[in-house]
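K.L.:
any chance you could fold what I've pasted below:
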Amino acid sequence: MLSALYRLTQYILGADNTDQDGDVKEASKGESGQCHGLGGTSQSGDGAEYVSFSGKVTSVFSHYAMINDTIYCAFEVIFGGRHPHIGDQVKGQARRPHDDAGWRATQLTVLDEPCWDEPTPTSDSSAPPDGQRVDDDTWRHLSSTDSGAHAADDDDGEPRELIGQVTSADPLGGAIEGGVAYAASVCAGFGAGPPVVGDWVRATATRGGATCVAPLRRRAYQGKVTFVQGSSARVDDEVAAEATTTCEVGGRLRVGDEVGGLAVESSQGRLTWRAISMNRISSSNHDRPGIVVTTTPLKKSFLGELLRNKEGVTVTSPLEFGTVELGRTVYLTAWIQNEGSTEQMLLRCRVTTTLTQLTIDSPKIISTDPKQVEVLAQEDGIALLPGGICYVNIICHATDVGTATQTLLFEFDGFKIGRRVGVTVRDPSESLLAPQPRADRGRRERARDAQQRFDEKHGGWVVPGQRPLPAKARPFLARLGRWPVPGDLRQGALRGEDPATQRSCLRAPLALRNFGDRFHALLHVEEIVSEMEMRENDLRDATMTRHHDNDTLALAVPGLAEGRPSLMLGDKALVTEGAAGAAAPAYEGYVHAVRQEEVLLAFHPSFQREYAGGAVDVAFVCSRAQTQRHHEAVARAPLVGAAVLFPQRLTVSMPLYVPPPPPPPVRCRRAAPRVRRAEAGLSPGMDDGRTKVMGSPPGIMADGRTKVMGSPPGIMADGRTKVMGSPSGIMADGRTKVMGPGTADGQAEVTWSPPGPVAPAVPDATTAPHSFEFFNAALNSRQRSAVVRMLGAQSRPTPYVLFGPPGTGKTITIVEAMLQVLSRLPSTRILVCTPSNSAADLIVQRLHESGRVTTADMVRYMAFQRSDETVPDDVRDYCVRCDDDALTCAVRRRLVVSTCGSCGTLAALGLPPDHFTHVFVDEAGQATEPETLIPIAMAAPAGGQVVLSGDPMQLGPVLRSPFAKTYGLETSLLERLCQRPLYCRDESRFANHGSYDPLLVTKL
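P.N.:
Prediction:
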């Protein structure tokens, strides 16, 4: 180390070498040939010497490295920007200004493995003068020898597509991450200039370099300039721009200017987009009218308005039968009182549904005067005088097991009052199916005894084992929280207590304010039961054998083939020696492989060396990584927001894509009618006598108004745009109606949409086939309508639900939607998640079979524990594991497929909130709500589109704790959303769309 620092000081100061470093001086002379890896040198006109070299990295410092302890190499001259490690094989070119100075690398390529076909440098090799650009042939030769993770081509030299980041660039060309060179002539889609350092690109490359380079993602932007300094500018603190080169309108940019244009994905500091074109829409230094935003008074929800007492009339609330045994008949009385000053006419009382267990008696008046009762009880109703009271008997015939809530309407002359009547019907025979308490007590006792034996054995002292992951730097920027199980919950579970006695939030209705506390507690309860079940598989007086690789110990586990216990890579076993005392430690062994009847464990090297086959006690411990990811997702629920988790009304957003309208029909005109119009004294233009401007596009009126021809209905003559194809949500003047269960037509609230033009909404399946091309022609009309709705994404961020029984084509529908988003929205990036690996593999196979995606478009992200033998052959080319060096680059692909649990590691990469614009969760009915929340939390906070697909009527997630099931962990997010009023059937409003709001739900 000291010798390397000394040589570096000698190079910087340019001092003469003394006898003490004579060996260095001799080694630095290229003519002597004594320095390993140095070829013959050449001399330039300025007296400097150049040499080609190959060797190993012997020292690495903060911003430079030493090659063979002789050559100084700064990190900025390394192709691909990759920082070397000690022992890496490298090659490149070096320069020294004179004989007494040290060698300094001018170019360096890091080789992942030795390059055996590398040509040997000759004595007549020459290098370009320092600072001169390397010619393209030399550049391509250097890049072709890189065998890193981003190699440009296969072994057979066939071109293939890759994605990466531009690491060096100039007006003539540059290099992509991994050392792939390109020329400026092969770049397209970057505007008037070439790519710059930081741009994410998609390239077609061969061994000679890139043949085609294009942006990975493009998007249109519009916003205000928030920062200007010199030639650099920022738009909305999101898009980086060069104010002098991208602005197409003269004049200097100022903060506050409204601009728009195109941007490409690029890592420019903390910004993720770079402008390639810019137009000034308006200037901040001109007086211009501001945007006036007005709002109308908010209307209450439809149900809230219905349940409210009105006109001084009050009705008993709440109306609850409680729990009723099957077959019984019970009664409930609803009291009605007129507390107002005017007479009210009660017309009738009725239940809104036809299939009901409830029967309503006729209203009866409370009065001591029989004559008054006869007068008030009229044929068309009951006259309720001020201060008058009447009542209605509600009869429940308990015929249907379960909980039912129905609406009871009290119809008055001019208004209605509603009440929700609830009843829970229980079958007495259900108690026969309840778990037997004796079995639960036995499990608890065994778990408590095993825990006590374990504590007595090692006293909390654990010697750590060897993790199965390789010991190398990983790209994760954030660590998972520990989320330990609270002691009171653990002790209460061992005693068999209801966790609601320690956590009152479990009994309260689920809401955003108690969402975190409730699901954190449920996850802890489920984890405790899992640990208790694992204790039943503990082994006593077991023996281990040394595996042939001598790095692990093999332990035979009875029942392993049947999944009792269910072990996987990353789990661990705590081993204590049978004859050891209470102060002896427990040795931690990680599972490195799972065989048919045994597992391979890696302990601390000292234990593995000294273990001689004695009897040991073994306690298995499952990895908590998945549970920790669930806790992290629950903690992000406030960022996801109520619009996703508890939607009450729908705000119709601008569609992301509007298909072109069908061409207008060609109509033949006759000469005779024009003659008759002229004879009638009318202009040969319009029926009302207005003059049509001739020689202009059809639709220009004499009064200056423009009629849009050949467009969908809804383009107004005064230039206003009416959004078509949605349930009367977009107004002609650009306002956006907020749809929900508010009034009879669904209007709950009226707000103003963001400034900008209002585009036509996405048409439904009745018009889409005429102007919209589907990749899968076998889709039916309802599937096509769902694809078009998901592409428009007008419900975002409120989730879009696609549900139906098995075999109705839910998976092929969302696959078509993904392909449409990829092809028609170039600025998007999709995250696709499923609860299981098999479901994720199926989606990859369907996308692969479409022929529309390549390995540069899609990646199948997997956990390191999964065996390669379980991966289908047509999926392997897309696979990347969590410990792969290419992970950071892989998540830049436009389509990332993973399981819900595995994608939790992506959140630790420090990705920006808008990295993913779309999230598709297939088989969402089989995942717990925290599990579904993991991918949703990666897009919903930034306003991304969320699509949930599945069958809420199928069996939900598999849980072990009966208390976790009782308090809602078994209910998936898909099932819970389908129970909310916004997602329920409404035959009166949506009869033409399967009785569901087409902007939110499609039932196949």
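
K.L.:
what about the strands in the stretch 501-650 of the chain?
P.N.:
For the stretch 501-650 of the chain, the strands defined by DSSP state E, counting those that start in this stretch cover 539-542, 544-546, 553-556, 572-577, 586-594, 598-602, 616-621, 650-651.

K.L.:
contacts only, for residue 537.
P.N.:
Residue 537 makes contact with 557, 559, 564-565, 620, according to C-beta atoms under 8 Å, 6 or more residues apart in numbering. (Each C-beta comes from the backbone N, C-alpha and C, glycine too.)

K.L.:
check which helices and strands the helix or strand harbouring residue 932 sits against.
P.N.:
Element membership for residue 932 (DSSP states H and E) is helix 929-936. Counting contacts by 3 or more C-beta pairs under 8 Å, 6 or more residues apart in numbering; DSSP states H and E, helix 929-936 packs against helix 515-535, helix 625-635, helix 637-640, strand 830-834, strand 918-921, helix 973-978.

K.L.:
quick one: mean pLDDT over that helix.
P.N.:
Taken as a whole, helix 929-936 carries a mean pLDDT of 94.

K.L.:
any idea how far that helix is from the chain center?
P.N.:
Put simply, helix 929-936 sits 9 Å off its chain's centre (C-alpha atoms, centre = their mean, to the nearest Å).

K.L.:
contacts for that helix?
P.N.:
Residues contacting helix 929-936 (C-beta under 8 Å, 6+ apart): 519, 523, 629-634, 636-637, 640, 644, 799, 831, 833, 835, 898, 900-901, 903-904, 907, 919, 921, 924, 946, 948, 957, 968-969, 971-974, 976.

K.L.:
alpha carbons only: can I get it in CSV?
P.N.:
Provided in CSV are the C-alpha atoms of helix 929-936 (Å, rounded to 0.1, in the frame of the first residue of the first chain):
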residue,chain,number,x,y,z
GLU,A,929,-54.2,-7.2,0.9
PRO,A,930,-50.7,-6.4,2.2
GLU,A,931,-49.3,-8.7,-0.5
THR,A,932,-51.2,-6.8,-3.2
LEU,A,933,-50.2,-3.5,-1.8
ILE,A,934,-46.5,-4.2,-2.4
PRO,A,935,-46.7,-3.6,-6.2
ILE,A,936,-49.5,-1.0,-5.9
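
K.L.:
low pLDDT regions in the stretch 51-200 of the chain?
P.N.:
Low-confidence segments of the stretch 51-200 of the chain, defined by pLDDT under 70: 62, 79-83, 112-157.

K.L.:
quick one: the strands in it?
P.N.:
Ranges of strands in the stretch 51-200 of the chain, per DSSP E, counting those that start in this stretch, are 64-67, 71-74, 89-96, 103-111, 160-170, 173-176, 180-183, 200-206.

K.L.:
where does residue 841 sit: helix, strand or coil?
P.N.:
Three-state assignment for residue 841 (DSSP: H, G, I helix; E, B strand; the rest coil): helix.

K.L.:
list the contacts of it.
P.N.:
860, 871-872, 875.

K.L.:
pull out the buried residues from those residues.
P.N.:
Using 16 or more other C-beta atoms under 10 Å as the burial test, the contacts of residue 841 include 860, 871, 875 as buried.

K.L.:
for those residues, could you give me a markdown table that also reports distance to residue 337?
P.N.:
As requested, the buried ones among the contacts of residue 841 are exported to a markdown table (distance: C-beta to C-beta, whole Å):
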| residue | distance to residue 337 |
| --- | --- |
| 860 | 66 |
| 871 | 70 |
| 875 | 68 |
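
K.L.:
how far does stretch 337-353 sit from its chain's centre?
P.N.:
Offset of stretch 337-353 from its chain centre (C-alpha atoms, centre = their mean): 50 Å.

K.L.:
can you list the buried residues in it?
P.N.:
Going by neighbour count (16+ other C-beta under 10 Å), the buried part of stretch 337-353 is 337-338, 344, 346, 349, 351.

K.L.:
same check, this time on stretch 995-1004
P.N.:
996-1004.

K.L.:
ok, now stretch 620-633?
P.N.:
Applying 16+ other C-beta under 10 Å to stretch 620-633 flags 620, 622-633 as buried.

K.L.:
distance to residue 333 and pLDDT for those residues - can I get that in a markdown table?
P.N.:
Listed next are the buried residues of stretch 620-633 as a markdown table, based on distance: C-beta to C-beta, whole Å; pLDDT from 0 to 100:
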| residue | distance to residue 333 | pLDDT |
| --- | --- | --- |
| 620 | 59 | 86 |
| 622 | 55 | 83 |
| 623 | 57 | 84 |
| 624 | 54 | 87 |
| 625 | 56 | 86 |
| 626 | 52 | 88 |
| 627 | 49 | 91 |
| 628 | 53 | 91 |
| 629 | 52 | 91 |
| 630 | 47 | 93 |
| 631 | 48 | 93 |
| 632 | 51 | 91 |
| 633 | 47 | 92 |
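
K.L.:
span of stretch 846-863 from start to end?
P.N.:
Distance between the two ends of stretch 846-863: 21 Å, counting by C-alpha to C-alpha, to the nearest Å.

K.L.:
list the buried ones in that stretch?
P.N.:
Buried, per 16+ other C-beta under 10 Å, within stretch 846-863: 846-848, 852-853, 855-863.

K.L.:
repeat for stretch 381-388
P.N.:
Neighbour-count burial for stretch 381-388 flags 381-384, 388 (criterion: 16+ other C-beta under 10 Å).

K.L.:
want to throw the residues you listed into JSON lines with secondary structure and pLDDT?
P.N.:
What follows is the buried residues of stretch 381-388, written out as JSON lines (DSSP: H, G, I helix; E, B strand; the rest coil; pLDDT from 0 to 100):
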{"residue": "381", "secondary structure": "strand", "pLDDT": "79"}
{"residue": "382", "secondary structure": "strand", "pLDDT": "82"}
{"residue": "383", "secondary structure": "strand", "pLDDT": "83"}
{"residue": "384", "secondary structure": "strand", "pLDDT": "83"}
{"residue": "388", "secondary structure": "coil", "pLDDT": "85"}
